[in-house]
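>>> Whatever this is, show me its structure:
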Amino acid sequence: MSTRSQRMKGLIRIAAHQREQAAQALSLARQERNRLDATLGLLRMHYNEYRQYHHRPGPATSMAQLGTLQEFVYKLQQAIEQQEQALQSADARCELKRQAFMEMHQRFKALEKAQSRMEAEENRDREKQTQKQMDEMAARSRYNRHL
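You can find the predicted model right below:
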């Protein structure tokens with residue numbers, strides 16, 4: 001016959017698995033967020049380089065070249081804005097994944113604590129039962145000696 005604390009171990013295994021899955025999901029979300037952040041950094045760096053170049057065109061720069069450069073800088077600016085939005089979305093996903101992980105972790109810890117309390121209670125009950133049996137045996141022994 002399994003005790004309550006032994007049955008609780010099955011729930012703890014499930015909770016541990018769910019916590020691990022939540023940790024992996026959080027890790028993947030953070031990796032994606034970091035990738036987006038790195039890409040944004042590169043886009044900003046290129047934007048700043050081309051803007052500096054645009055503000056100092058050489059004497060041989062034609063109007064067509066200047067227009068092409070302005071168009072390219074504008075497209076870089078749009079890409080930066082899109083990347084910033086993607087990064088904000090990734091930040092939000094990371095926060096949701098972090099909250100999910102924390103909930104799973106707290107659930108796991110609560111189940112562990114409950115199982116530990118149950119086990120301690122079962123041990124106390126066994127000790128009481130053992131003590132009761134020993135007391136009964138001692139009482140019978142004393143009774144038999146008086147007969």
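
>>> Show me the helices in this protein, by range?
Secondary structure of the chain (DSSP state H): helices located at 4-55, 63-146.

>>> of all the ones you listed, which gets the most neighbours per residue?
Most buried of those, by mean neighbour count (mean count of other CB atoms under 10 Å): helix 4-55, with a mean of 14. (C-beta placed from N, C-alpha, C; glycine too.)

>>> tell me what that helix is packed against?
If you count contacts as 3 or more CB pairs under 8 Å, 6 or more residues apart in numbering; DSSP states H and E, helix 4-55 packs onto helix 63-146.

>>> any idea of the angle the helix it packs on forms with helix 4-55?
Angle of helix 63-146 versus helix 4-55, following axes from the mean of the first three to the mean of the last three CA atoms, to 10 degrees, is 170 degrees.

>>> and helix 63-146, how far out from the chain's middle?
Counting by CA atoms, centre = their mean, to the nearest Å, helix 63-146 is centred 8 Å from the centre of its parent chain.

>>> Packing partners of it?
By 3+ CB pairs under 8 Å, 6+ apart, helix 63-146 packs against helix 4-55.

>>> For residue 94, which residues are in contact?
Shown in contact with residue 94 (CB atoms under 8 Å, 6 or more residues apart in numbering): 26, 29, 30, 33.

>>> Repeat the analysis, applying 6 Å as the threshold.
29, 30, 33 (CB atoms under 6 Å, 6 or more residues apart in numbering).

>>> Quick check: closest non-adjacent residue to it.
residue 29 (4.7 Å; CB to CB, 6 or more residues apart in numbering).

>>> The one you found and residue 93 touch, don't they?
Yes. The criterion here is CB atoms under 6 Å, and residue 29 meets it with residue 93 at 5.0 Å.

>>> which stretches of the chain have low pLDDT?
Counting by pLDDT under 70, the chain shows low-confidence ranges at 1, 54-61, 147.

>>> let's see 80
1-2, 51-67, 69, 143-147 (pLDDT under 80).

>>> how far away is the residue nearest to residue 94 from residue 99?
11 Å (CB to CB, to the nearest Å).

>>> Also residue 134?
52 Å.

>>> Ok, residue 65 next?
Distance from residue 65 to residue 99, counting by CB to CB: 51 Å.

>>> One more: residue 118?
29 Å.
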